[in-house]
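>>> What shape does this take:
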Amino acid sequence: MTMTDKHPDILCIGAMLWDVIGRAPRRMAQGADVPGRIRHIPGGVALNVAVALARWGLTPAVLSAVGRDPEGEALTAQAGRLGVRTDWLTRDSGLPTDCYMGIEDSEGLIAAIADAHSLEAAGDTILAPLSGALADWTGPVVLDGNLTEDLLATMSRDRRLAGADLRVVPASPGKAERLEPLIAARRGCFYLNRLEAEILAGGACPDAATAAEAVVARGAARVLVTDGPHSAADAMANGPTLVVTPPRVTVARVTGAGDCFLAAHLAAELKNQPRDAALRQAVEAAAAHVSGKDVP
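Okay, here's the model as predicted:
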């Protein structure tokens, strides 16, 4: 059976775009103009997670909006080569393919801008396959916070996703509040960094465990929180909070680490690994990504 014949294991709904990442090998001050490397790579939270899931031997499909411009054609072709199903994309010749630009130095991310206007303009048209070839979906669905708050609110009530296992990631701290409708609906497992968790919790938290528990207290059923080189946590209603400390690594990149964490965790849970083993696999995969390695 070829990849195009196989029904997908997981749906990743959200941003699929080009990442333009500039990285300097030393610390940068505001306004600095320094030599470094600039890469153009397939990106967007939904696509990043899908690519990482494919490396774990799964068959993910992306529901997103991609233009019919040269950038969109190249992106779709590259996603297919990376093991991602693109059969159900919304392709609009009137919309350009979205783009993300990030600047990193030796300490991590300096600044970033995400241009996901085409995804936002497409709105709920990207969900059309849920009424067709992907109807009655009951598997995992990764929801990306690049989707608008209105669309996320609609999806929290969408009967087509009533039986789905929702895995929710905000995309950035600036978009964390978009997830409020899903928390209110008590749907989904949330993957956050500490800053995103603090925004949803409504206050500062000293560590990942406290932050995860605070978001659970707001109504979320389950929350995983990462905190850079510090311990990550998995908290849930009516269950113990688990904590795992990542191994120390030399930072080679930071963009995409959270997406790698989610994919590794979901891959472990789909193999029925216990919570502690799944969290450890996720933490180790994210650390390997930061060090410049792709896993598995």
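
>>> Quick one: list the elements packing against the helix ranked longest in the chain.
Among the elements of the chain assigned as helix by DSSP state H, the one spanning the most residues is helix 275-290. Packing partners of helix 275-290 (3 or more C-beta pairs under 8 Å, 6 or more residues apart in numbering; DSSP states H and E): strand 222-227, strand 230-236, strand 242-244, helix 257-270. Where C-beta positions appear, they are placed from N, C-alpha and C, glycine not excepted.

>>> in its sheet, what does the shortest one sit against?
I take that to be strand 242-244. Next to strand 242-244 in the sheet, as set by DSSP bridges, lie strand 230-236 (antiparallel).

>>> Residue 111: how many residues sit nearby?
10 (other C-beta atoms under 10 Å).

>>> Doesn't it belong to a strand?
Yes - assignment of residue 111 by DSSP: H, G, I helix; E, B strand; the rest coil places it within a strand.

>>> any idea how far it is from residue 289?
20 Å (C-beta to C-beta, to the nearest Å).

>>> List the buried residues in stretch 141-158.
141-148, 151-156 (16 or more other C-beta atoms under 10 Å).

>>> Those residues in helices, which ones?
Those of these lying in helices (DSSP H): 151, 152, 153, 154, 155, 156.

>>> out of those residues, which one sits closest to residue 220?
Ranked by distance to residue 220 (C-beta to C-beta), those are led by residue 156 at 12.1 Å.

>>> Excluding sequence neighbours, find me the nearest residue to the closest one.
Nearest residue to residue 156 in three dimensions, chain neighbours excluded: residue 185, at 4.0 Å (C-beta to C-beta, 6 or more residues apart in numbering).

>>> just checking, the one you found touches residue 157?
Yes - assessed by C-beta atoms under 8 Å, residue 185 is found in contact with residue 157 at 7.0 Å.

>>> Next up, phi/psi of residue 191, please.
As for residue 191, its main-chain torsions (degrees, to the nearest 10) stand at phi -120, psi 110.

>>> What's opposite it in the beta bridge?
With DSSP bridges as the rule, residue 191 is bridged to residue 224.

>>> Now do the contacts for it.
Residues in contact with residue 191 (C-beta atoms under 8 Å, 6 or more residues apart in numbering) are 167, 168, 169, 224, 226, 258, 261, 262, 265.

>>> how does it look with 7 Å?
167, 168, 169, 224, 258, 261, 262 (C-beta atoms under 7 Å, 6 or more residues apart in numbering).

>>> Of the residues you listed, which is the nearest to residue 195?
residue 258 (11.3 Å).

>>> separation between that closest one and residue 81?
24 Å.

>>> Who's the closest spatial neighbour of residue 17, skipping the chain neighbours?
residue 98 (3.7 Å).

>>> What of residue 79?
residue 86 (5.3 Å).

>>> any low-confidence regions in the stretch 1-150 of the chain?
Residue ranges of the stretch 1-150 of the chain with pLDDT under 70: 1-5.

>>> Tell me the secondary structure at residue 114.
strand.

>>> Which residues are in contact with it?
100, 146, 172.

>>> where exactly do the strands run in the stretch 1-150 of the chain?
When assigned using DSSP state E, counting those that start in this stretch, the strands of the stretch 1-150 of the chain occupy the ranges 10-13, 17-23, 37-43, 60-63, 65-67, 90-92, 99-105, 108-115, 140-144.

>>> can you give me the offset of the third one from its chain's centre?
Okay, so that is strand 37-43. 17 Å (C-alpha atoms, centre = their mean, to the nearest Å).

>>> That strand - contacts with which helices or strands?
strand 17-23, helix 70-81 (3 or more C-beta pairs under 7 Å, 6 or more residues apart in numbering; DSSP states H and E).

>>> now the angle between strand 99-105 and that strand, please.
Here strand 37-43 runs at an angle of 140 degrees relative to strand 99-105 (axes from the mean of the first three to the mean of the last three C-alpha atoms, to 10 degrees).

>>> Give the pairing partners of strand 37-43; include direction for each.
Using DSSP bridges, the strands paired with strand 37-43 are strand 17-23 (antiparallel).
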